[in-house]
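Q: Sharing a model prediction with you, sequence too.
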Amino acid sequence: MEHTSSILNPNPNPNAYTLDSPHPVYSMAFSTSASAPFRLALGSFLEEYNNRVDIVTFDEESTTFRAEPALSFDHPYPATKLMFHPREIPGSTSSLIASSGDFLRLWQVNHDGDGAGKSELRSVLNNSKSSDFCAPLTSFDWNDAEPRRIGTSSIDTTCTVWDIERGAVETQLIAHDKEVYDIAWGEAGVFASVSADSSVRIFDLRDKEHSTIVYESPRPDTPLLRLAWNKSNLRYMAAIQMDSNRIIILDIRSPAVPVAELQRHRACVNALAWAPQAPRHLCSAGDDGQALIWEVPATDTPGTMLPPEGVDPMLGYSAPAEINQLQWSAAHPDWIGIAFANKVQLLRV
């Protein structure tokens, strides 16, 4: 087994710091700024048109939250995903946030310090060529290698790649046979997606006419809902199925058969995230209120499968309710954020 230095504290009870929100929290994003205190964007889940994205800061030294109401903004419908621009601009007093829902939107957040500043809508991007409305967007991913690119997934079976600097569609692909539920970039021109058609597919923008199916579920009527591509080791992906307690680990060098299925959750898994700076660490969270951190064993030989008895998590945390969202901070890799009900907890791991 290859040696990987762990960034994780072996203490099974990580420090947890809780923020109470005035509304249920669904989407969440960490700022990419490495300067403390660091920011989070929190999207509400209200079954109505008027929703919110709240901006809060967390001070790592005092371990306290502070709301920034001047930076928070109204959002049409719940945001299905939020992301900050993947690269920090040194010395800048503004951030760019993307959100998905009925459209892809870009928001300029101007933070002047001391709670001052404002947020403003910069652009609304519609991928429909024939209508003022587009099919709802289930998710998106911002390209780390080419930050001008954002890829979106939609219920209309398409994935759209946007050039946000031009505010124009770079390409739009019919990606699956059914609704597309998530998308993740690997390299600058390569992305993957998962769908209600139970498949994981990889697309290369240099050959838009073809895709590679790297996994098809043996349960063909069960949608794949979430996908995470390991940015520290691009051969690994993780995916979850609807109403399943298992996390499917894929090695793209040996498609079709998972190298592992992590199955220690006691209820369905809702979210997953690879560690930003550890190539084999993964966190998952679900309806059992558990946030579990795993070390996926090395599989140096393509086609090697892990033993059928599975893998035990290396660290676990129990929340008092079903966890619906999970993010691992790239700028502050000692911190994981989870959301349940109207609470957000930051876990120091």
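A: Received it, and whenever you're ready, just let me know what you need. Numbering: from 1, shown residues only.
Q: in the chain, which helix or strand is least confident?
A: strand 104-113 (a mean of 88; mean pLDDT, DSSP states H and E).
Q: what comes up buried for it?
A: Neighbour counts over strand 104-113 (16 or more other C-beta atoms under 10 Å) mark 104-107, 109, 111 as buried. Glycine gets a C-beta too; all of them are placed from N, C-alpha and C.
Q: Relative to residue 55, which of those is nearest.
A: residue 109 (6.5 Å; C-beta to C-beta).
Q: give the contact list for that closest one.
A: Counting by C-beta atoms under 8 Å, 6 or more residues apart in numbering, residue 109 makes contact with 55, 71, 94-97, 117, 119.
Q: what's the burial count for residue 61?
A: 7 (other C-beta atoms under 10 Å).
Q: before we move on, back to that, partners of the least confident helix or strand of the chain in the sheet?
A: strand 94-100 (antiparallel), strand 116-125 (antiparallel) (DSSP bridges).
Q: Output the first one as CSV, nothing but the C-alphas.
A: I take that to be strand 94-100. The C-alpha coordinates for strand 94-100 follow below in CSV (Å, rounded to 0.1, in the frame of the first residue of the first chain):
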residue,chain,number,x,y,z
SER,A,94,-14.5,41.2,-4.0
SER,A,95,-15.6,37.6,-4.7
LEU,A,96,-17.5,35.9,-7.5
ILE,A,97,-20.2,33.4,-6.6
ALA,A,98,-22.1,31.2,-9.1
SER,A,99,-25.5,29.6,-8.3
SER,A,100,-27.7,27.2,-10.2
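Q: Run through who's touching that strand.
A: 27, 29, 31, 33, 39, 41, 43, 53, 75, 79-85, 104-111, 122, 137-140, 142, 150, 152, 164.
Q: ok so, going back, comparing the strands paired with strand 104-113, which comes out most buried?
A: Among those, strand 94-100 has the highest mean neighbour count (mean count of other C-beta atoms under 10 Å), at a mean of 23.
Q: what separates residue 146 from residue 292, distance-wise?
A: 33 Å (C-beta to C-beta, to the nearest Å).
Q: Looking at those two, which is more packed in?
A: Using other C-beta under 10 Å, the more surrounded residue of residue 146 and residue 292 is residue 292, with 23 against 17.
Q: related to what we said a few turns ago, and the buried ones among the contacts of strand 94-100, selectable in ChimeraX?
A: Here is the ChimeraX selection string for the buried members of the contacts of strand 94-100, based on 16+ other C-beta under 10 Å:
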select :27,29,31,33,39,41,43,53,75,79,80,81,82,83,84,85,104,105,106,107,109,111,137,138,139,140,142,150,152,164
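Q: what stretches of the stretch 201-349 of the chain score poorly on pLDDT?
A: 299-309 (pLDDT under 70).
Q: Quickly list what residue 207 is bridged to.
A: residue 204.
Q: So what's the residue count around it?
A: Quick note: residue 207 (other C-beta under 10 Å) scores 10 neighbours.
Q: what do you get for the one 10 residues further on?
A: Counted with other C-beta under 10 Å, the neighbours of residue 217 add up to 19.
Q: Please tell me I have it right and it contacts residue 196.
A: No. Using C-beta atoms under 8 Å, residue 217 is not in contact with residue 196, being 10.7 Å away.
Q: what touches both of those two?
A: Shared contacts of residue 217 and residue 196, counting by C-beta under 8 Å, 6+ apart, come down to residue 224.
Q: Just list whatever residues bridge to residue 291.
A: residue 285, residue 317.
Q: From the rest of the structure, what touches the strand or helix carrying residue 210?
A: Secondary structure assigned from DSSP states H and E places residue 210 in strand 207-216. Here strand 207-216 makes contact (C-beta under 8 Å, 6+ apart) with 171, 173, 175, 192, 198-204, 237, 239, 248, 250, 252, 255-256, 258.
Q: same thing with stretch 247-259?
A: 200, 202, 212-216, 234-241, 260-263, 265, 269, 272, 282, 284, 294, 296, 299, 302-306.
Q: Nice, that's everything, thank you.
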